[in-house]
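K.L.:
Any chance you can model this:
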Amino acid sequence: MGRSTIEWTTDTWNPVTGCTKVSLGCDNCYAATFAERWRGVPDHPYENGFDLTLRPQRLLQPLSWKKPRRIFVNSMSDLFHVRVPDQFIINVFETMRQASWHQFQVLTKRAERLERIARRIEIPSNVWLGVSVENPNCYWRIKHLIRVQATIRFLSCEPLLADLKRLPLKGISWVIVGGESGRNARPMRAEWVDRIRDQCDRERVPFFFKQWGGVNKKKAGRILNGRTWDAYPETLDLAV
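P.N.:
Predicted structure coming up:
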């Protein structure tokens, strides 16, 4: 909670923790691995491991952060999980609306529910909405995302598990790419990354390369073709 080492954000906020797996990209979930280390430890925040848990006591937390931040929402869960009540999701969006000096990044694999909820509320202009796209079988998530009226729509191609040829980028404001990390990391080919970067360049979509991943992600680094790629979408210039 608070300051984050994730390259494309500055902070995390987890009003929900825990999740269940829905696609190949979930197989080696870093959040589940971390949370399960603490299962059974009395009074630890993850005493129940990665079981889905609502944390209403955290709902207003961003309002106490007075300096503008770029905040990844639910880095340890998925806000649109079927077991998160509609009203709880709406309450999260209301907090983001009130905390207008922050930028909030909401990422989901449950794009259908994202679209359904979005029909019922007005998405604040400081909220970025994204979907995970780990292989071409996930392109359907993009179809739901682009039907949502959000200022910033983004794709997280991480872990990148396949060649994303003809990646649909119409209506997309930002693309993140990264390889899987950890002991069981699946390989990511350089040509897959180059192809996405080239597509983004042609369609003038900001491209962010997060990491190569692997067993030792720090050693593998995040240099692509001799440089880092840290582009962000054009948005309100907050001093994050």
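
K.L.:
Every contact and neighbour count from this point should use C-alpha atoms.
P.N.:
OK.

K.L.:
Tell me where the protein has strands.
P.N.:
For the chain, applying DSSP state E gives strands covering 2-3, 11-13, 16-17, 53-54, 70-73, 103-108, 127-132, 152-157, 174-178, 207-211.

K.L.:
So what touches the third one?
P.N.:
Among residues not part of strand 16-17, those counted as contacts by CA atoms under 8 Å, 6 or more residues apart in numbering are 50-55, 74, 76-79.

K.L.:
CA atoms of stretch 75-84 as CSV?
P.N.:
Output of stretch 75-84 as CSV, limited to C-alpha atoms (Å, rounded to 0.1, in the frame of the first residue of the first chain):
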residue,chain,number,x,y,z
SER,A,75,-2.5,-4.3,-7.8
MET,A,76,-3.4,-7.3,-5.6
SER,A,77,-6.8,-8.1,-7.1
ASP,A,78,-9.2,-7.3,-9.9
LEU,A,79,-11.8,-4.7,-9.1
PHE,A,80,-14.3,-6.3,-11.5
HIS,A,81,-14.2,-9.8,-10.0
VAL,A,82,-17.6,-11.4,-9.8
ARG,A,83,-17.6,-11.5,-6.0
VAL,A,84,-17.0,-7.7,-5.6
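
K.L.:
How many residues are close by the closest residue to Trp8 other than its chain neighbours?
P.N.:
Excluding the flanking residues, the one nearest Trp8 by CA to CA, 6 or more residues apart in numbering is Lys210, at 7.3 Å. Using other CA atoms under 10 Å, Lys210 has 23 neighbouring residues.

K.L.:
Now for Lys210: which residues touch it?
P.N.:
Here Lys210 is in contact with 7-8, 176-179, 222 (CA under 8 Å, 6+ apart).

K.L.:
Restricted to buried residues, select those in PyMOL.
P.N.:
In PyMOL, this line selects whichever of the contacts of Lys210 come out buried by 16 or more other CA atoms under 10 Å:
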select buried, resi 8+176+177+178+179+222
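
K.L.:
Between which two of the contacts of Lys210 is the distance greatest?
P.N.:
Trp8 and Gly179 (14.2 Å; CA to CA).

K.L.:
closest to Lys217 among the contacts of strand 16-17?
P.N.:
So of the contacts of strand 16-17, ranked by how close each gets to Lys217 (CA to CA), first place is Met76, at 19.5 Å.
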